[in-house]
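1. I'd like to go over a predicted model; first the sequence, then the structure.
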Amino acid sequence: MKIAVTFSCTKVQEHKLAEACKKYGAELFFLTHFGSETEKRKLLISADIIFGEPDMDVIYENPNLQWIQMTWAGTDKYTMKQERPFPGHIELTNMSGAFGMIMSEYAIGAILQVYRHFDTYREQQKQELWQDAGAEECLYGKRVLLLGTGDIGASLALKCKAFGMETVGLRRKATIKPQGVDEMYTLEEIDKELPKADIVAASLPNKPNTRHLLTKERLFSMKPQAVLLNMGRGTLLEVDELAEVLQKGHLRAAILDVTNPEPLPKEHPLWQCERAYITPHIAGPSFGHCPVTQEFIIDSCIKNMERYLTGKPLLHKIERADFE
């Protein structure tokens with residue numbers, strides 16, 4: 001059994017993966033150890049298992065491939081409708097559960113920056129200016145609408161409750177109410193819930209029913225001083241429409257870690273919107289960013305590898321019903 005690892009990790013983590021493979025007689029290869037692109041491709045098209053996110057042409061060229069363990073939570077690279085669909089005989093698992101902690105911290109930090117004028121005070125510091133930036137907001141008592149209550153949304157709900165906030169969740173099915181969510185509804189209730197929210201935090205995947213979910217009309221239906229935060233997928237809204245909404249003075253802030261397209265094109269008016277806070281898809285960092293998240297990913301790869309090699313059901317398996 002040949003396993004190819006596409007991501008870069010520390011020597012300690014490499015040893016950890018290698019020891020786990022040795023126990024089951026599997027061969028482990030790290031792409032980062034190979035210099036040429038030809039060598040890397042040769043390895044990928046001969047592997048039985050790939051840890052990472054290989055391109056579709058590699059997947060189609062590999063006759064041995066049995067399973068792909070992704071290091072991302074989002075699976076739309078493979079599950080969305082495309083000319084060459086993901087082969088039905090290959091098992092696919094994602095990294096669900098790895099990013100809730102770090103992304104919920106991003107959300108709280110970004111909202112606090114807006115509410116407490118940290119960006120303004122930072123600019124004043126550069127000018128050696130001691131000046132009050134005006135009235136502030138408090139997280140306590142704010143109503144947060146969570147678009148998506150998977151690992152990320154559920155983690156954010158718990159942090160919101162620690163600040164005394166009211167939490168409302170929307171998801172495809174409202175049968176499960178995670179801890180920390182006060183009220184739970186389906187996405188069909190969005191038009192009723194948007195106007196009530198002080199903060200709208202989205203962590204939805206890229207699916208047919210979530211693409212352009214936040215239309216211009218829905219953005220205008222939000223409270224004038226509401227804060228919008230999107231850290232799921234950029235397809236949730238149209239950036240041209242959001243720029244228009246912000247330019248007309250609606251919404252206190254739009255915090256965007258994702259856009260459509262990515263990166264946001266230069267000269268796009270959203271860059272110049274004072275109420276826009278844009279980060280380059282870093283809310284859920286892993287390799288080379290957050291050691292805690294990276295370690296979780298390594299441990300999850302090992303756990304699922306052990307299950308696969310001993311014939312146990314894989315964790316976080318993407319079912320065929322999840323493909324478009």
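-> On my side now, so go ahead.

2. Run through the stretch 201-324 of the chain and note the low-pLDDT ranges.
-> Along the stretch 201-324 of the chain, no part satisfies pLDDT under 70.

3. which residues of it fall in helices?
-> Assigned by DSSP state H, counting those that start in this stretch, the helices in the stretch 201-324 of the chain fall at 216-221, 239-247, 291-309.

4. which outside residues touch the second one?
-> Read it as helix 239-247. 215-216, 219-220, 228, 251, 254, 256, 259-260, 264, 268-270, 273, 275-276 (CB atoms under 8 Å, 6 or more residues apart in numbering). The way it works is simple: take the backbone N, C-alpha and C, and place the C-beta from them, glycine included.

5. Could you do stretch 170-190 as well?
-> 145-150, 153-154, 157-158, 160-161, 166-169, 192-193, 209-210, 213, 218.

6. out of these, which are inside helices?
-> Gly153, Ala154, Ala157, Leu158, Cys160, Lys161, Lys192, Glu193, Arg218 (DSSP state H).

7. and the gap between the spatially closest residue to the third one that is not a sequence neighbour and Trp72?
-> Here the nearest residue to Ala157 in space, its sequence neighbours aside, is Gly180; by CB to CB, 6 or more residues apart in numbering that works out to 3.5 Å. When distances are taken as CB to CB, to the nearest Å, Gly180 and Trp72 turn out to be 24 Å apart.

8. Comparing those two, which residue is more hemmed in?
-> Gly180 (20 against 17; other CB atoms under 10 Å).

9. looking at this, the more buried one is in a strand?
-> No - applying DSSP: H, G, I helix; E, B strand; the rest coil, one finds Gly180 to be coil, outside a strand.

10. separation between it and Ile302?
-> Gly180 sits 29 Å away from Ile302, going by CB to CB.

11. Can you report how many residues neighbour Ile282?
-> Neighbourhood size, Ile282 [other CB under 10 Å]: 12.

12. err, Glu238, not the other one
-> Glu238 has 18 nearby residues by other CB under 10 Å.

13. What distance do you get for it to Thr279?
-> Using CB to CB, one gets 19 Å for the distance from Glu238 to Thr279.

14. now Lys177
-> 30 Å.

15. more crowded one of these two?
-> More neighbours surround Lys177 than the other of Lys177 and Thr279, with 16 against 13 (other CB under 10 Å).

16. quick one on the thing from earlier: among the contacts of helix 239-247, the buried ones, what's the ChimeraX command?
-> In ChimeraX, a selection of the buried entries from the contacts of helix 239-247 looks like this (16 or more other CB atoms under 10 Å):
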select :219,228,251,254,256,259,264,268,270,273,275,276
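
17. Mind checking which of the contacts of helix 239-247 are in strands?
-> Counting by DSSP state E, these place Leu228, Ala254, Leu256, Ala276 in strands.

18. Nearest to Leu139, out of those residues: which one, please.
-> Closest approach between the ones in strands among the contacts of helix 239-247 and Leu139, by CB to CB: Leu228, at 15.9 Å.

19. thinking again about what came up before, which pLDDT value goes with the residue nearest to Ala157?
-> For Gly180, the pLDDT comes out at 97.

20. what does the one 4 residues further on give?
-> With respect to pLDDT, Met184 has a value of 98.

21. can you list the domains in the chain?
-> The record's domain split for the chain, according to automatic domain parsing, is 2-98+287-322, 100-278.

22. quick one: contacts for Asn230?
-> If you count contacts by CB under 8 Å, 6+ apart, Asn230 has them with Ala202, Leu236, Leu237, Ala254, Ile255, Leu256, Asp257, Val258.

23. That one and Met305, how far apart?
-> To Met305, Asn230 is 33 Å away according to CB to CB.

24. which residue packs closest to Ala26, ignoring adjacent ones?
-> Met1 (4.3 Å).

25. and that neighbour, how many neighbours does it have?
-> Neighbour count for Met1, taken as other CB under 10 Å: 16.

26. how close does it sit to Ile297?
-> Distance, Met1 to Ile297, by CB to CB: 20 Å.

27. Which residue lies nearest the spatial centre of the chain?
-> Geometric centre of the chain, nearest residue: Gly232, 4.8 Å, by CA atoms, centre = their mean.

28. That one: what's it in contact with?
-> Counting by CB under 8 Å, 6+ apart, Gly232 has contacts Leu147, Gly148, Ile152, Ala202, Ser203, Leu204, Pro205, Asn206, Thr210, Val258.

29. Redo those residues as CSV? Include neighbour count and distance to Lys11.
-> Output for the contacts of Gly232, formatted as CSV (neighbours: other CB atoms under 10 Å; distance: CB to CB, whole Å):
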residue, neighbour count, distance to Lys11
Leu147, 27, 40
Gly148, 24, 36
Ile152, 30, 30
Ala202, 25, 38
Ser203, 31, 33
Leu204, 27, 37
Pro205, 21, 34
Asn206, 20, 35
Thr210, 19, 40
Val258, 23, 32
